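Participant: okay, predicted coordinates and the sequence, questions at the end:
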Amino acid sequence: MIKLAQEITYKFLEKEYIYNKKSTRQIAKEVKCSAPTILNYLKKYNIKVRDNSECKLGIKFSKEHKRKISIGHLGINSGSNHYNWKNGRVNQREYVLIRSLEHPNKNSRSYVFEHRLVMEKYIGRYLLPEEVVHHKGIKYPINDIRNRSDNRIKNL
């Protein structure tokens, strides 16, 4: 085991990084320095740094872990099956957003501001993107955070 970062030699890095396929983080932990320091030594000795696709080659996962990874890739625990699901309601800058997959004016994550949905239901059509719905501030002052989540039609 090497004790000082000054003792990091080309032969040591060649053995650990190239042949034993250890990561820079693993080597840094062994040498008691940081991973960026190891990267600097790799560059100093002109040792080719592995790209992300090669980094996980030496890691062996258990069957259970592989199963969990495949479930995550399938999206089984996404949306309403996710442990943190809040019925499609999220807050953004104190405004309430509702998940709406089919809405024509949804954002990139398929959410629409709730006050816009309430107004659309009230007038019976989709709002145009340039149409703005303001909160009047009847129950709470206009600049109050609670006013932005008060989406009753008489407050819009």
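Facilitator: Thanks, I have it.
Participant: which is the next helix or strand following the lengthiest helix in the chain?
Facilitator: Counting by DSSP state H, the longest helix found in the chain is helix 63-74. Downstream of helix 63-74, the first helix or strand assigned by DSSP states H and E is strand 89-92.
Participant: so which elements touch that following strand?
Facilitator: In terms of contacts (3 or more CB pairs under 8 Å, 6 or more residues apart in numbering; DSSP states H and E), strand 89-92 is packed against strand 95-99. For every residue, glycine as well, the C-beta is placed using N, CA and C.
Participant: show me where this protein has helices.
Facilitator: Going by DSSP H, the chain shows helices at 10-13, 24-31, 35-44, 52-55, 63-74, 114-123, 145-148.
Participant: and the last one, which residues are buried?
Facilitator: For helix 145-148, burial by neighbour count (16 or more other CB atoms under 10 Å) applies to Asn147, Arg148.
Participant: can you redo the helices of the chain as CSV with distance to Pro104?
Facilitator: Converted to CSV, the helices of the chain look like this (distance: least, CB to CB, whole Å):
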stretch, distance to Pro104
helix 10-13, 56
helix 24-31, 46
helix 35-44, 47
helix 52-55, 37
helix 63-74, 29
helix 114-123, 10
helix 145-148, 23
